[in-house]
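Q: here's a sequence, model it:
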Amino acid sequence: MSPRRRAMFAVLAAIAVLVAGGLAVRAALRAEPLRVPDQDKPGVVLLVPGYGGGTDGLDRLAAAIRAAGRTASVVAMPDGGTGDLGKQADTLDDAATEALRRAPSVDVIGYSAGGVVARLWVQRHDGVHKARRVVTLGSPHQGARLAAAGAAGLPGACPAACQQLAPGSTLLAELEEPVPDPPQWLSIWTEQDQTVVPPDSARLPGAVDVDIQQACPGRDVSHGDLPTDDYVTGLVLDAIGTAPIGPAPPC
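A: Here you go, the predicted model:
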């Protein structure tokens, strides 16, 4: 056999080996189940602001989380937090992707509409394999009458996020219920909420549910107080620990 022919057969053999190896790797990847975050290895905490996108309201909660020894950051939302909630979920995914470069998982805390954004992110961006825990604070999971009134009476003053938070909206109807497990979920809400009405719109099927006034009778907590109330902060810190999320302790 001529040297040229031997070289040609050698190249063909090498290509065959590479193809076979690639097929074997792809088969192995298909057979290997995707991992879920280890509950004993907390990662970065991402806080998602509510409608309007202001981050200042979550600074105190973020500081308490950092004081407990965790890395925490508030994720600024595009369009002032009033634009499409799907795009806000994309922004959260960008932050999660960056965090996962240095951490094994993320814990997500969504305040008000930020809790709906967190659910969208889990559903649309494979959050099951990225998030360890998700906590929502006064989030209108079933919609808010205020948004419905705005969408019906003042459509020009009710941007995309407002319309999507109206009860029965297409976006809310697309959200999975119950929420997937994993991650572990906690929904905290107050009966005194005058922003998310009815307040029990914050109930989330599949999550551990905490009605503050049931857990702590007589406690005065408004919608705006949720990120700064000491009792709520304690619930959040417990929820992002390593013990399973359970019923709220008495105040």
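
Q: drop to CA atoms for contacts and neighbour counts, all remaining ones
A: Will do.

Q: mind listing the strands for this structure?
A: For the chain, the strands defined by DSSP state E cover 44-48, 72-74, 106-111, 131-137, 184-189, 208-211.

Q: rebuild those strands as a markdown table, extending it with distance to Thr97, mean neighbour count and mean pLDDT.
A: Listed next are the strands of the chain as a markdown table, based on distance: least, CA to CA, whole Å; neighbours: other CA atoms under 10 Å; pLDDT from 0 to 100:
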| stretch | distance to Thr97 | mean neighbour count | mean pLDDT |
| --- | --- | --- | --- |
| strand 44-48 | 11 | 26 | 98 |
| strand 72-74 | 14 | 22 | 98 |
| strand 106-111 | 9 | 27 | 98 |
| strand 131-137 | 11 | 28 | 98 |
| strand 184-189 | 19 | 25 | 98 |
| strand 208-211 | 26 | 20 | 98 |
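
Q: tell me which of the ones you listed lies nearest to Glu177.
A: strand 184-189 (12.3 Å; CA to CA).

Q: tell me if I'm right that Val45 and Ala68 touch.
A: No: look at Val45 against Ala68 with CA atoms under 8 Å: they stay out of range, at 11.6 Å.

Q: ok, back up a step: in a markdown table: the strands of the chain, plus distance to Asp225.
A: Below are the strands of the chain laid out as a markdown table (distance: least, CA to CA, whole Å):
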| stretch | distance to Asp225 |
| --- | --- |
| strand 44-48 | 16 |
| strand 72-74 | 17 |
| strand 106-111 | 11 |
| strand 131-137 | 10 |
| strand 184-189 | 11 |
| strand 208-211 | 14 |
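
Q: where in the stretch 101-250 of the chain is pLDDT low?
A: 148-156 (pLDDT under 70).

Q: first vs last residue of stretch 76-91, how far apart are they?
A: Using CA to CA, to the nearest Å, the end-to-end distance of stretch 76-91 comes out at 8 Å.

Q: list the buried ones in that stretch?
A: By neighbour count on 16 or more other CA atoms under 10 Å, the buried set for stretch 76-91 is 76-78, 81-91.

Q: now these in TSV, with distance to Asp56 and pLDDT?
A: As requested, the buried residues of stretch 76-91 are exported to TSV (distance: CA to CA, whole Å; pLDDT from 0 to 100):
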residue	distance to Asp56	pLDDT
Ala76	10	96
Met77	13	96
Pro78	15	94
Gly81	13	93
Thr82	16	95
Gly83	19	95
Asp84	21	97
Leu85	20	98
Gly86	22	97
Lys87	21	98
Gln88	18	97
Ala89	20	98
Asp90	21	98
Thr91	18	98
